[in-house]
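**Student:** sequence first, then the predicted structure, then my questions.
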Amino acid sequence: MQSVQVALWVVALLVVLAVLFDFMNGFHDAANSIATVVSTGVLKPQQAVLFAAFFNVIAVAFFQLKVAGTIGKGIVEPGVVDHHVIFGALMGAIAWNIITWWYGIPSSSSHALIGGIVGAVIAKAGASKLIGGGIMKTVAFIFVSPLLGFLLGSLLMVLVAWIFRRTPPLRVDNWFRRLQLLSAGLYSLGHGGNDAQKTIGIIWMLLVASGYMSASDMNPPSWVIWACYVAIGLGTMFGGWRIVRTMGQKITKLKPVGGFCAETGGAITLFLATSMGIPVSTTHTITGAIVGVGSVQRASAVRWGVAGNIVWAWIFTIPASAFMAGVCYWLSFTLF
C-alpha cells in the first residue's frame, strides 16, 4: 500500500510538471497567434492575449485526439517509458523553452517536447526503442509545415492583391482589420488544438506507464484533456512579449491584409496536420506564412538574417532538448 501511495505522488508531481510545460507552451508560443494582429494594430496586446486564449481553450470542442495519440502511443515502444523518462523529457523541453524565451528566439515547444522524449528514451534504452514512423513524420513536418505555410500565405496574398487591385487601399485596410479577427481566431484555434494535445499525449503516456491506465484505453481521462487546454490558454493570456516582437516586427512589417493572409495560411496548415494526427510546430508554421507574405511584396521586405537565425533555432531544438533530457533522465535515475 505504501509503495502505491509513493508512486501516486510521483505521478501527481509529474502531471503538475507536464501541466507547467503546457502553460509554458502557451506562454512561449503566444506570439504565434497574436504577433500579426498586434503588429498591425488591430488589437492591443492585452486584448489580443485574451482573444487568443479563448480560442485556445474552445479548441477542445473542435479536434479529435489524434495528435495526443501520436505522442502517447506513436513515438516510443510500449514498456520503455517510466517516470524517469517522463521527468527527463519534460525537464529537457522546459529548459530549452526557457533558454529560447530568454533570448527571444521563436523555437518550437512541440519539437522541444519530441526531442525531450527522444533524448530520455535513448539515455535509458537506446534508439532502437523509438518508433521510426512516428519520429519521421514529425521530423518531416519540421520542413513541410513552414513550407506549406509559406506557400499558402504567399498564394493568399497574391489572390487578395488581384481581387482588390481596383479597390482603394484605405478601404482594403479597413476591411482586413475586421477580417484579421477571424483569421487570428482560426489560428489560435489551430494552435490550441495541436499544441495542447502534445501535453495530453505525454500525460497519457505517463498514466499508462505507471499502471493507472490500460494501454488499450481509447482516450485519456477528461480531466487530463481539460487541464491541458485550460493551461495552454492561461499561458497564452500571460503572453511572451519578447517573441511577439520578433514574430510581428523583426521578420517583416505587416499590414492587416498581410496579417490576414499569414494567419489564414497558417491556420489551414495546422488544421490539416491536426486532422492527420501530426504534431507540428505552430512557430514554424506561422513564421513560414509571414515570410511568404513578406516575400510577395518584395524580397527585401523580409529580414532574411532574422529568419535565418530562427531556422538555426529550429535545427538545434530537437538535438539540444534531447541532450538536456538525457542528462535530466540520468540525474533522476541516479538520485531517485
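**Tutor:** Received, thanks. Residues are numbered from 1 along each chain as shown.

**Student:** in the protein, which spans are helices?
**Tutor:** With DSSP state H as the criterion, the chain has helices at 2-39, 45-58, 66-73, 83-102, 109-125, 132-163, 169-209, 222-238, 241-245, 256-275, 282-297, 304-335.

**Student:** residues in contact with Ala196?
**Tutor:** 22, 25, 56, 59-60, 228-229, 231-232 (CB atoms under 8 Å, 6 or more residues apart in numbering). Using the backbone N, CA and C atoms, a C-beta is placed for each residue, glycine as well.

**Student:** switch to 7 Å and redo it
**Tutor:** By CB atoms under 7 Å, 6 or more residues apart in numbering, Ala196 lies in contact with 22, 59, 228-229, 232.

**Student:** widest-spaced pair of those residues?
**Tutor:** Asp22 and Ala59 (13.0 Å; CB to CB).

**Student:** now rank the contacts of Ala196 by neighbours and give me the top one.
**Tutor:** Ile232 (32 neighbours; other CB atoms under 10 Å).

**Student:** just to revisit the earlier point, Ala215 is nearest to which of the helices of the chain?
**Tutor:** Judged by CB to CB, the one of those that comes nearest to Ala215 is helix 169-209, at 5.2 Å.

**Student:** flag every buried residue along stretch 182-201.
**Tutor:** If you call a residue buried by 16 or more other CB atoms under 10 Å, then stretch 182-201 has these buried ones: 183-201.

**Student:** next: stretch 328-336.
**Tutor:** Buried, per 16+ other CB under 10 Å, within stretch 328-336: 328-329, 332-333.

**Student:** columns pLDDT and distance to Ile75 on top of those, output as CSV?
**Tutor:** Formatted as CSV, the buried residues of stretch 328-336 follow (pLDDT from 0 to 100; distance: CB to CB, whole Å):
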residue, pLDDT, distance to Ile75
Cys328, 95, 18
Tyr329, 95, 15
Ser332, 90, 19
Phe333, 89, 20
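
**Student:** dump those to a markdown table, plus distance to Met237.
**Tutor:** Below are the buried residues of stretch 328-336 laid out as a markdown table (distance: CB to CB, whole Å):
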| residue | distance to Met237 |
| --- | --- |
| Cys328 | 28 |
| Tyr329 | 32 |
| Ser332 | 31 |
| Phe333 | 36 |
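
**Student:** looking at those, spot the one nearest Val10.
**Tutor:** Using CB to CB, Ser332 is the member of the buried residues of stretch 328-336 that lies nearest Val10, at 10.4 Å.

**Student:** I'd say that closest one and Ala89 touch.
**Tutor:** No: between Ser332 and Ala89 there is no contact under CB atoms under 7 Å: 10.5 Å.

**Student:** and the closest residue to Leu272 other than its chain neighbours, what's its pLDDT?
**Tutor:** Nearest residue to Leu272, sequence neighbours excluded (CB to CB, 6 or more residues apart in numbering): Leu148, at 7.8 Å. Listed pLDDT for Leu148 reads 93.

**Student:** is it true that Leu148 touches Ala267?
**Tutor:** No: when contacts are counted by CB under 7 Å, Leu148 is not listed as touching Ala267 (11.5 Å).

**Student:** low-scoring stretches of the chain, by residue?
**Tutor:** 1-6, 30-33, 36, 106, 239-254, 297-311, 313 (pLDDT under 70).

**Student:** hmm, 80 instead?
**Tutor:** 1-7, 28-46, 78, 101-108, 142, 214-216, 239-255, 283, 295-315, 336 (pLDDT under 80).

**Student:** quick check: phi and psi at the closest residue to Lys137 other than its chain neighbours.
**Tutor:** Excluding its sequence neighbours, the residue lying closest to Lys137 (CB to CB, 6+ apart) is Ile278, at 5.7 Å. Main-chain torsions, Ile278, degrees, to the nearest 10: phi -100, psi 120.

**Student:** for Ile278, what are its contacts?
**Tutor:** Shown in contact with Ile278 (CB under 7 Å, 6+ apart): 70, 137-138, 141.

**Student:** one more: Ile122?
**Tutor:** Contact analysis of Ile122 by CB under 7 Å, 6+ apart lists Gly326.

**Student:** now it: how far from Pro78?
**Tutor:** Separation of Ile122 from Pro78 (CB to CB, to the nearest Å): 17 Å.

**Student:** Asn194 too?
**Tutor:** As for Asn194, its distance to Pro78 is 24 Å (criterion: CB to CB).

**Student:** cool, Ser275 as well?
**Tutor:** Computed as CB to CB, the Ser275 to Pro78 distance reads 25 Å.
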